[in-house]
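Peer 1: got a sequence here, can you build the structure:
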Amino acid sequence: MMRQLLLTIIISPAAVWGHYLPGVTPKSFAEGDLVKLKVNKMTSQKTLYPVEYYKLPFCQPAGGPKADSENLGEFLSGDRIESSPYILRMKKDMYCEQVCVSNLGRAESTDGKSRKKDANRMVGAIRRNYHNNWIVDNLSAASISENDKTIMTKFYQGFPVGYIDKASRLAMVNNHVNIIVHYHPVETGEDLYRVVMFLVEPFSISHQFKEIEGSTEVELINPIESCDPSKRSTTNHTAWEMFHKNSMQQQVASGRVLFTYDVSWVKSDVKWGSRWDIYLNMGGAIPDRVHWLNILNSVLVVLVLTFILAAILVRNLRRDLVRYSRVATDEEKADDLEDFGWKLVHADVFRPPSTAPMLLSVMCGTGAQLVGCSLTTIIFSALGFLNPSYRGGLIMGLLSCFVLMGGVAGYVSASLYKTFKGKSWQKNTTMTALFFPGIVFSVFFFLDMCAISQKSSDSVPFTTLVVLLLMWFGVSTPLVFCGAYLGYKRDAIEFPVKTSSIPRQVPDQPFYFETWFCAIVGGGLPFGSCFVEYYFILSSLWMDQYYYVFGVLLVVWIILLFMSAEVATLINYFTLCAEDYHWWWRSFITSGSVAFYFFLYSWYYFGTFEDGSVNFSTYMLYFGYMSLICFGVFCMTGYVGLATCLWFNRKIYGSIKVD
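Peer 2: Residues are numbered from 1 along each chain as shown. All right, here's what the predicted structure looks like:
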């Protein structure tokens, strides 16, 4: 009972299923009303570069395709939504409707050595495993694949443009689709209906036809049952058995090809408010039990680490505080045994870092900005404000939160830099405003050039780049300066002990107190608590899968930061006991080193779907963006570790008596 209650508390805010933005109302259709089918970008797991739908010789609507108005998030995610020639009318079944005859290009060579050179654009897309992504009433198309034994439905990644025939090794195009739309009657009693599910079943059928002069339609020769006009009143929709029973050939992706489609309407008990449920859990492909076990694993790791901290720190600190607070005897004073352990470095522990204090303050400001940005975005997503029905909303929310958190970055950076007794406050503030956004924009611009060279829809228009620059320099930068002004106006952080003018020499340290070793140890435990959820996030980013359990993500995110802080504090205590007071950068790197494990795991994840056929630009795209993500994690967890160690050091040194 308690397990079910806890799971409900965790999952319920994350169950975006059926939760929509306030003010968004369902669209209802009367029988016979036009239901628009739109096309979106084509995606591939091999190249990772999306391509606009009409870059391939697909049938176009009369008057040419018309683009939907898109928001900034849709542009940044590569969405290119356009109209299509497919006509759907509510509750009106259609059988083997002809779309058009399209010339796909010259035939593919059967010579393996020259096959790549001779391939047309359609063949190239099929061999790169591109998938179509269609939309009906803002619902993405689920894909149905069928053979003589099984029927499988997949609720993500769209449906394939074609496939490679195992016997001939030639590319076959899916030129026929069964469009299956589930609808639910409106509860008000009116004769209105709402779309609650959209599925597409693709087929490759070699239609034999004769073109009729002056007509857009063609005359079919020896058609399959669903395409025979004389049988349409009694026929079923196109099925796998129809053309395999008649030994109908598959359609090679070359020459003049006829594109056709069926439409069937199915009444459903699913209500409009719950229509995203099956999409978000991907038809039960990933049970909630997986996320539950991940949470349980993370909580256990946190409890073990917390117990270690309590056993070591609390016991040792209590003993140290009692020993340091008592009055030393004359013999201890004569033998200079009054100070030892971490008390011995009390005059140096709060000495500003000797290496790049400005860079450390800038990175801490960036980390604080990312903590606030990620926390706000995850909370809004868990509450349902940033759900999949609002395309591009998550990117828009993340970008807006980052820009609006510029004041936090300026305040934290200025406060820390003033504590370090820095004098170049203008340079520090400017660095805070330009450092992380400048790195992100530079990498993004370079990858945008790669996308343009690949003719991908991922390439961002010039006007969108201008909007990003305006958000950076028109909103984020002024907020950074405002926050920095408040940070410099406040008093510097006060320390409980005074810092001596002459630095104390640090004794030689064993290898396990070296920064590189502390980083290896410090990043492993936090990563172990969140790598399962990290896998699902990577699948959402690169495999076009839905991620919906933002309540679980919020818990895992808190656990990640909590464990990073605990590990940094533990290592900080041990190094102070070893009389090494250079803890500023060490605490930042120790807790931030979890980003290194994130990057290593992303490399492993890339190897799970990379088959050696991708080009160099795909490597640039994947590792470019993953490097940015991991660098952001480094700044975020590094700041949390440093802030925790600063609080810890102030507490313990404020609890002892120092002459």
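Peer 1: drop to CA atoms for contacts and neighbour counts, all remaining ones
Peer 2: Fine.
Peer 1: and the residue nearest the centre of the chain, what element?
Peer 2: In the chain, the centroid-proximal residue (CA atoms, centre = their mean) is L541; its distance is 4.1 Å. Taking DSSP states H and E as the definition, L541 sits inside helix 531-542.
Peer 1: how many residues are close by the closest residue to G522 other than its chain neighbours?
Peer 2: Closest residue to G522 apart from its sequence neighbours, by CA to CA, 6 or more residues apart in numbering: T590 at 5.1 Å. Using other CA atoms under 10 Å, T590 has 31 other residues around it.
Peer 1: confirm T590 sits in a helix?
Peer 2: Yes. The assignment for T590 is a helix, going by DSSP: H, G, I helix; E, B strand; the rest coil.
Peer 1: so for it, what's the pLDDT?
Peer 2: If you check T590, the pLDDT there is 94.
Peer 1: tell me the contacts of it?
Peer 2: When contacts are counted by CA atoms under 8 Å, 6 or more residues apart in numbering, T590 is found next to 515, 518-523, 567-568, 638, 641.
Peer 1: just checking, what packs against the top helix by length along the chain?
Peer 2: As assigned by DSSP state H, the longest helix anywhere in the chain is helix 616-653. For helix 616-653, the packing partners by 3 or more CA pairs under 8 Å, 6 or more residues apart in numbering; DSSP states H and E come out as helix 357-382, helix 425-453, helix 550-577, helix 584-592, helix 594-609.
Peer 1: buried deepest among those helices, which one?
Peer 2: Stretch with highest mean neighbour count among the helices and strands packed on helix 616-653: helix 584-592 (a mean of 28; mean count of other CA atoms under 10 Å).
Peer 1: can I get that one in CSV? Just the C-alpha atoms.
Peer 2: In CSV, the C-alpha atoms belonging to helix 584-592 read as follows (Å, rounded to 0.1, in the frame of the first residue of the first chain):
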residue,chain,number,x,y,z
TRP,A,584,37.7,25.8,-4.0
TRP,A,585,38.5,24.3,-7.3
ARG,A,586,38.6,20.8,-6.0
SER,A,587,35.1,20.9,-4.6
PHE,A,588,33.8,22.3,-7.9
ILE,A,589,35.6,19.7,-10.1
THR,A,590,34.8,16.8,-7.7
SER,A,591,31.1,17.4,-7.8
GLY,A,592,31.1,18.5,-11.5
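Peer 1: what angle sits between that helix and helix 357-382?
Peer 2: 30 degrees (axes from the mean of the first three to the mean of the last three CA atoms, to 10 degrees).
Peer 1: quick check, V35 in contact with L88.
Peer 2: Yes. Here V35 reaches L88: they are 5.3 Å apart, a contact under CA atoms under 8 Å.
Peer 1: out of these two, which sits in the busier spot?
Peer 2: L88 (22 against 17).
Peer 1: host element of the more buried one?
Peer 2: Take DSSP H and E as the rule and L88 turns out to sit in strand 82-89.
Peer 1: off-centre distance for that strand?
Peer 2: 30 Å (CA atoms, centre = their mean, to the nearest Å).
Peer 1: only the buried residues of that strand, if you could.
Peer 2: Of all the residues in strand 82-89, those buried under the rule 16 or more other CA atoms under 10 Å are 82-86, 88-89.
Peer 1: format those as CSV; extra columns: distance to V195 and pLDDT.
Peer 2: Below are the buried residues of strand 82-89 laid out as CSV (distance: CA to CA, whole Å; pLDDT from 0 to 100):
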residue, distance to V195, pLDDT
E82, 19, 94
S83, 18, 94
S84, 18, 94
P85, 19, 95
Y86, 16, 95
L88, 12, 95
R89, 12, 95
